[in-house]
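> kindly generate the corresponding structure for this input.
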Amino acid sequence: MAQASDVLTKVLAFWGAILSSIGLGWNLYRDLHDRGRLKVEADVRRIVMSPMSPNGRGYSVKPDLPVEGASEQVYVRVSVTNIGRRPKVWEGWGGKHLKPVNGKEGFVIIPLELPKKLQEGETHTEFTPELIAGAPKISEGFSCGTQRISIGTSRDAR
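Next up is the predicted model:
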């Protein structure tokens, strides 16, 4: 009978080790993925300001799309979406020159409505005409002519 209880003890110890390992793995996975993450999209657009626009605000269209009321000026539009589970604060944006300009390697864009706290799934869009001068289009990797665009600062919301 001593052998049966010894086997039962070993089986229960093995079962407990398996369950605790699964619990530890799940907690690590959950804690590492439970944070804010940003998805960044940049493109060139024209702005349409019209009384017929949704919510009375402007919206953007592709540069070659003929829309009444669209600006002739072309803008770089950057949209940021929080695809994580925790709020993030988008504080600013800018980039880095591919070749230094006037001895400076980077630049900062003056934001329109930043800082902005982004909740889970929320999107915010900023635009600027500053990157277009002398650069006809945005190529891969958010580079615009001789400039590289990036989200300069973001932080976890408290």
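> this protein: helices as residue ranges?
Here the chain has its helices, by DSSP state H, at 2-33.
> longest strand of it, counting residues only.
Ranked by residue count, the top strand of the chain under DSSP state E comes out as strand 88-101.
> quick check: which helices or strands does that one pack against?
strand 75-82, strand 104-109, strand 116-118, strand 147-156 (3 or more C-beta pairs under 8 Å, 6 or more residues apart in numbering; DSSP states H and E). For the C-beta atoms, the positions are set from N, CA and C on the backbone; glycine is no exception.
> try it again at 10 Å.
strand 38-48, strand 75-82, strand 104-109, strand 116-118, strand 123-128, strand 143-144, strand 147-156 (3 or more C-beta pairs under 10 Å, 6 or more residues apart in numbering; DSSP states H and E).
> could you give the angle of the longest one to strand 123-128?
Put plainly, it is strand 38-48. Per axes from the mean of the first three to the mean of the last three C-alpha atoms, to 10 degrees, the angle that strand 38-48 makes with strand 123-128 is 50 degrees.
> strand 38-48 versus strand 75-82: what angle between them?
Going by the same axes, to 10 degrees, strand 38-48 makes 140 degrees with strand 75-82.
> buried sites along strand 38-48?
42-48 (16 or more other C-beta atoms under 10 Å).
> between the helices and strands packed on strand 88-101, which one is closest to Leu19.
Leu19 sits nearest to strand 147-156 of all the helices and strands packed on strand 88-101, at 32.2 Å, using C-beta to C-beta.
> I'd like the average pLDDT over the closest one.
The pLDDT scores in strand 147-156 average 50.
> before we move on, the earlier item: can I get the helices and strands packed on strand 88-101 in CSV with distance to Arg57?
Supplementary listing: the helices and strands packed on strand 88-101 in CSV, determined by distance: least, C-beta to C-beta, whole Å:
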stretch, distance to Arg57
strand 38-48, 10
strand 75-82, 14
strand 104-109, 20
strand 116-118, 15
strand 123-128, 11
strand 143-144, 25
strand 147-156, 23
